[in-house]
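Novice: kindly generate the corresponding structure for this input.
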Amino acid sequence: MSCGRVSPEPASTARTPFTELRVATRRLRSSLATFRPLFGGSKPQRLRDEHKGVGTLLGPVRDVEVMRAHPHETAAAVVGDADLADVLAQLDHELTE
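Specialist: Have a look, this model is predicted:
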């Protein structure tokens with residue numbers, strides 16, 4: 001018997017490498033804040049600030065992933081609409097540039 005997921009995640013919530021990196025960055029920042037009293041000096045805060053910058057840079061990438069996913073989920077519900085498929089192809093093209 002498998003302990004994995006029964007059904008795949010929708011594209012808008014799928015864990016991409018960018019999402020994984022953003023989550024790891026947030027967790028590291030949280031851990032640094034939690035354990036700040038165990039570290040001396042300002043190094044933990046500097047590390048938190050640097051990782052906050054990484055998260056800020058990755059935010060727009062995740063936004064594009066979500067914007068790309070929602071139209072595709074809608075298109076999956078509307079079967080056989082060639083015009084919609086053309087619009088989605090154009091949207092994909094524009095978002096990847």
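
Novice: helices along the chain, start to end?
Specialist: 17-34, 43-77, 82-96 (DSSP state H).

Novice: would you mind listing the buried residues in the second one?
Specialist: Counting neighbours by 16 or more other CB atoms under 10 Å, one finds that the buried residues in helix 43-77 are 44, 48, 51, 54-55, 58, 65, 68, 71. The way it works is simple: take the backbone N, C-alpha and C, and place the C-beta from them, glycine included.

Novice: if we can go back for a sec, comparing the helices of the chain, which gets the lowest mean pLDDT score?
Specialist: Ranked by mean pLDDT, those end with helix 82-96 at the bottom, a mean of 72.

Novice: chain center to it: distance?
Specialist: In this view, helix 82-96 has its centroid 21 Å away from the chain centroid, taken as CA atoms, centre = their mean, to the nearest Å.

Novice: would JSON lines of the buried residues of helix 43-77 with distance to Asp92 be doable?
Specialist: As requested, those are exported to JSON lines (distance: CB to CB, whole Å):
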{"residue": "Pro44", "distance to Asp92": "41"}
{"residue": "Arg48", "distance to Asp92": "36"}
{"residue": "His51", "distance to Asp92": "31"}
{"residue": "Val54", "distance to Asp92": "26"}
{"residue": "Gly55", "distance to Asp92": "26"}
{"residue": "Leu58", "distance to Asp92": "20"}
{"residue": "Glu65", "distance to Asp92": "12"}
{"residue": "Arg68", "distance to Asp92": "7"}
{"residue": "Pro71", "distance to Asp92": "9"}
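
Novice: out of those, who's nearest Val87?
Specialist: Pro71 (7.8 Å; CB to CB).

Novice: distance of the closest residue in space to that closest one that isn't next to it in sequence relative to Glu20?
Specialist: In space, and not counting its chain neighbours, Pro71 is closest to Leu88: 5.5 Å by CB to CB, 6 or more residues apart in numbering. Taking CB to CB, to the nearest Å as the measure, Leu88 falls 26 Å from Glu20.
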